[in-house]
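1. Everything below, folded, please.
(one chain, ligands or ions: 2)
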Amino acid sequence: MNKKSVKDVDLKGKRVFCRVDFNVPMKDGKITDETRIRAALPTIQYIMDQGGKVILASHLGRPKGAVVEEMRLTPVATRLSELLGKEVKKADEAYGDSVKALVDTMNEGDVLLLENVRFYPGEEKNDSELAKSFAELADVYVNDAFGAAHRAHASTEGIAHHLPAVSGLLMEKELDVLGKALSNPERPFTAIIGGAKVKDKIGVIDNLLEKVDNLIIGGGLAYTFVKAQGHEVGKSLLEEDKIELAKTFMQKAEEKGVKFYMPVDAIVADDFSETANTKEVAIEEIPSDWEALDIGPKTAELYRGVIKESKLVIWNGPMGVFEMEKFAGGTKAVAEALAESADTYSVIGGGDSAAAVEKFNLADKMSHISTGGGASLEFMEGKALPGVVALNDK
Ligand SMILES: Nc1ncnc2c1ncn2[C@@H]1O[C@H](COP(=O)(O)OP(=O)(O)O)[C@@H](O)[C@H]1O
Ligand SMILES: O=C(OP(=O)(O)O)[C@H](O)COP(=O)(O)O
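-> Ligands and ions are numbered 1, 2, ... in the order given. Below is the predicted model of the structure:
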């Protein structure tokens, strides 16, 4: 990588503003998957060992510029303290006098976690005043938040213009591994796109069609495509204003000779809950007052076959609502197919996809589990990541 890393700067006694991606899944105030916290440990530990004062910043969820109590980072500070074996102080704000006062008390090797940076409207707007306020807390900026590197926000991009700015070790590793896989991809090259962030991911498909041999669609994303095929989707997740776009993608795939795989059946439910009534239906038979919450077994079998014949697979977004046992089958089938395909280089991206693989105890069978979903997709599309571009060149 042509960007400076945390290893290229002197950290002794320095206040280090380290942007991490602690956007971990939570349920009832408990962290349900800590992959992203563990992934940031090498950089945090490195800064501590060098005698730096570690000021950690992250977002959690999408609070849209206001304080949302359930999105405070307090549980993360508690878990991080356990993992580091050292007390991590937690600030109730992310900048300002109260935070400065806390920073002033820090000794070399101490760790402070700031409050959720997305509690401030300026964060996502990349407001320069907010970026300056973050910068005032520190002497050096380290960006280790690969998962948020595709966002040009005040703590991921703006701040880098006000301080010496370098990458963290996780950032460096992600870019290195993903870059190598993509520079000359082994073929057949398959992308599997699922999950629920339809708006974010649908655009990615356009660019992926230029690169892959097979494109597999699943998860909540699929039903906009099913609708575009002319079928009814009942109460399934649907992005009405993307239906036309979905049609153009299917056409483009045909023109480019990319094989486009869509669900042929689904598990539908009469409620979004663990206790819902469920049934398997053909994709053109989703009842009007039911919602599709997983791909069906025929689809899982179809996708398994494609995966097994692929040499490189990038997977982003679960095939169904895997958090509920009744709708975990499709995601599990895809994870198992990847785990069984020893010749396939598998790159898993996205917080929830990583959590799913972890849940099925298949994480060690994957070639690379990326901490970034959207970020890894944008990187693989060949887009520049603003959080990386803003760092100092070597
Ligand atoms: N058919 C579906 N309907 C509604 N939600 C779905 C469906 N399939 C998957 N999901 C949800 O998508 C979420 C993950 O989406 P997303 O954030 O896009 O993935 P990732 O974090 O892996 O990038 C999961 O919480 C899962 O429950
Ligand atoms: O979870 C994240 O992205 P992902 O779901 O694409 O992996 C990152 O923390 C970025 O979060 P955002 O998509 O709310 O900007």
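2. Up against ligand 2, what does the chain have?
-> 21, 23, 62, 147, 148, 151, 350, 351, 372, 373, 374 (C-beta under 6 Å from any ligand atom). Where you see a C-beta, it was placed from the backbone N, CA and C, and this is true even at glycine.
3. Just those: which are in helices?
-> Counted as lying in helices by DSSP state H, out of the residues of the chain next to ligand 2, are 351, 374.
4. Got a quick ChimeraX command for the buried subset of the residues of the chain next to ligand 2?
-> Filtering the residues of the chain next to ligand 2 down to the buried ones (16 or more other C-beta atoms under 10 Å) takes a single ChimeraX command:
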select :21,23,147,148,151,350,351,372,373,374
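5. List the buried residues in the helix or strand bottoming out on mean pLDDT in the chain.
-> Within the chain, confidence by mean pLDDT, DSSP states H and E is lowest for helix 198-208 among all helices and strands, at a mean of 84. By 16+ other C-beta under 10 Å, the buried positions in helix 198-208 come out as 198, 200, 201, 202, 204, 205, 208.
6. before we move on, what about stretch 177-189?
-> Residues of stretch 177-189 classed as buried: 178, 181, 182, 185, 188, 189 (neighbour count, 16+ other C-beta under 10 Å).
7. how about the residues of the stretch 251-394 of the chain near ligand 1?
-> 292-293, 316-318, 320-321, 323, 350-353, 373.
8. Out of those, give me the two with the largest separation.
-> With C-beta to C-beta as the measure, no two of these lie farther apart than 292 and 351, at 22.3 Å.
9. Out of the buried residues of stretch 177-189, the closest to ligand 2 would be?
-> Using C-beta to the nearest ligand atom, residue 178 comes nearest to ligand 2 of the buried residues of stretch 177-189, at 13.5 Å.
10. So for that closest one, what's the pLDDT?
-> As predicted, residue 178 sits at a pLDDT of 89.
11. The one 5 residues further on too?
-> pLDDT, residue 183: 79.
12. roughly how far apart are it and residue 139?
-> As judged by C-beta to C-beta, to the nearest Å, residue 183 and residue 139 stand 35 Å apart.
13. With residue 269 instead?
-> For residue 269, the distance to residue 139 - C-beta to C-beta - is 53 Å.
14. Return the residues in contact with the closest residue to ligand 1 within the stretch 51-200 of the chain.
-> Nearest to ligand 1 in the stretch 51-200 of the chain, going by C-beta to the nearest ligand atom, is residue 195, at a distance of 2.5 Å. Contacts for residue 195 (C-beta atoms under 8 Å, 6 or more residues apart in numbering) come out as 201, 219, 220, 221, 316, 317, 318, 350, 352, 353, 373.
15. do that again at 10 Å, thanks
-> If a contact means C-beta atoms under 10 Å, 6 or more residues apart in numbering, then residue 195 has 201, 218-221, 237, 316-320, 350-353, 373-374 as its contacts.
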